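Student: Requesting a structural model of the entry that follows:
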Amino acid sequence: MGPQRSATIDDVARSAGVSRQTVSNVLNTPSIVRETTRQRVQDAIDRLGYAPHASARRLRTRRSSTIGIHLDPYAGGISGVVLDRFVHALTERAGERGLRVMLYAARSPEEEIRRMTDLRDGGEIDGVVITGTFHGDPRTGWLVERGIPFVSFGRPWGLDDVADPAHPWVDVDGAAGTAAATRHAMETAGPRVAFLGWPSGSGTGDDRERGWRDTVADAAARDGLRLVSEESVALARDIVGDALARHDLDALVCASDSLAIGAHLAAVAAGCPRLPIIGFDNTPAAEALGLSSVEQLPERVATGVLDLLVDSAGAIAVREVTPGTAHVLVEPKLVVR
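Tutor: Predicted coordinates:
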């Protein structure tokens, strides 16, 4: 028995009892089709398993149906796996919607703008996903000014990104993650829970610190238990080693798994290998060492990005920026080991 023939648009039309043009309208401009007819056609599509041919749609609409996303330069380290998972999930979920993802490289925001210009002018992409947003990010203003559809993985970092968003965004609620980690540490280890984070001024880092600060009730304890390190296992090890020589800590919550691993090495060297240490990112390295960590759920981030970037007809389109609908905030999950 030979392979089963794929359903065609004519098969859908016959099954739904409508014309071929009506099926085409449902697929491409559903707003002009009566709801009862549209539902009948959709039922036939689902029943037959019909999938529109992506390349034919691109020729017909003169759109690439392609999303561009910047590929960060390889820098090694531990926590980069989160973005890798996000890009993989975005590519998978875009494919399920008949869309493609194109990766491009750039070493600076200015170079990324030049790359986006070339790709957009050449008709190679219809929209963009940007990552690593920061205060005063020139990429977002450039995209907004030109009316290019885009969503950022990372909030705009404005005065009020929820009630007055500058553009559509998806982010992980870092404060909720560290708050959950701090509560767990206080309930299971004791009240003296320190926080090891990055220097102030990083939007993501400050957000993660806020979750710890809001959960530790004693202001004096907060001030004495805030440790600072750049994103480095070696630096984190040295800083935590010094802190353990001066303070009695019940537990430590960290802004990343890299910092948590450095802290773990310091705790082992100080003779307290059972000190509860919680990281952020839930990387394979943290899992291998048996460290608890906050899981960012990048697959949910990818789904949220596509929900904001793709309209009801399945096309990449500019979304109206209105409070409450222009963002998705993913609540992370504490993984306890």
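
Student: quick one: low-confidence parts of the stretch 51-200 of the chain?
Tutor: Low-confidence segments of the stretch 51-200 of the chain (pLDDT under 70): 51-64, 73-79, 159.

Student: Can you show me the helices along it?
Tutor: Remark: helices assigned in the stretch 51-200 of the chain by DSSP state H, counting those that start in this stretch are 54-61, 81-96, 109-121, 138-145, 174-188.

Student: Need the nearest residue in space to Arg100, chain neighbours excluded.
Tutor: Beyond its immediate neighbours in the sequence, the residue positioned closest to Arg100 (CB to CB, 6 or more residues apart in numbering) is Thr66, lying 4.5 Å away. To be clear about C-beta, it is placed using only N, CA and C from the backbone, and glycine gets the same treatment.

Student: The one you found: neighbouring residues, count only.
Tutor: 18 (other CB atoms under 10 Å).

Student: and it, what is it in contact with?
Tutor: The neighbourhood of Thr66, defined by CB atoms under 8 Å, 6 or more residues apart in numbering, consists of Leu99, Arg100, Val101, Met102, Glu124, Ile125, Asp126.

Student: In JSON lines: those residues, plus distance to Leu297 and neighbour count.
Tutor: Below are the contacts of Thr66 laid out as JSON lines (distance: CB to CB, whole Å; neighbours: other CB atoms under 10 Å):
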{"residue": "Leu99", "distance to Leu297": "21", "neighbour count": "23"}
{"residue": "Arg100", "distance to Leu297": "24", "neighbour count": "17"}
{"residue": "Val101", "distance to Leu297": "19", "neighbour count": "19"}
{"residue": "Met102", "distance to Leu297": "24", "neighbour count": "15"}
{"residue": "Glu124", "distance to Leu297": "30", "neighbour count": "13"}
{"residue": "Ile125", "distance to Leu297": "26", "neighbour count": "25"}
{"residue": "Asp126", "distance to Leu297": "27", "neighbour count": "23"}
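
Student: Give me the pLDDT for the most centrally placed residue in the chain.
Tutor: Geometric centre of the chain, nearest residue: Val301, 3.9 Å, by CA atoms, centre = their mean. For Val301, the pLDDT comes out at 95.

Student: hang on, isn't it packed against Phe86?
Tutor: Yes - here Val301 reaches Phe86: they are 5.8 Å apart, a contact under CB atoms under 8 Å.

Student: Name the residues contacting each of those two.
Tutor: Jointly contacting Val301 and Phe86 under the rule CB under 8 Å, 6+ apart are Phe153.

Student: re earlier: and the contacts of Thr66, which is closest to His247?
Tutor: Closest approach to His247 among the contacts of Thr66 (CB to CB): Val101, at 47.0 Å.
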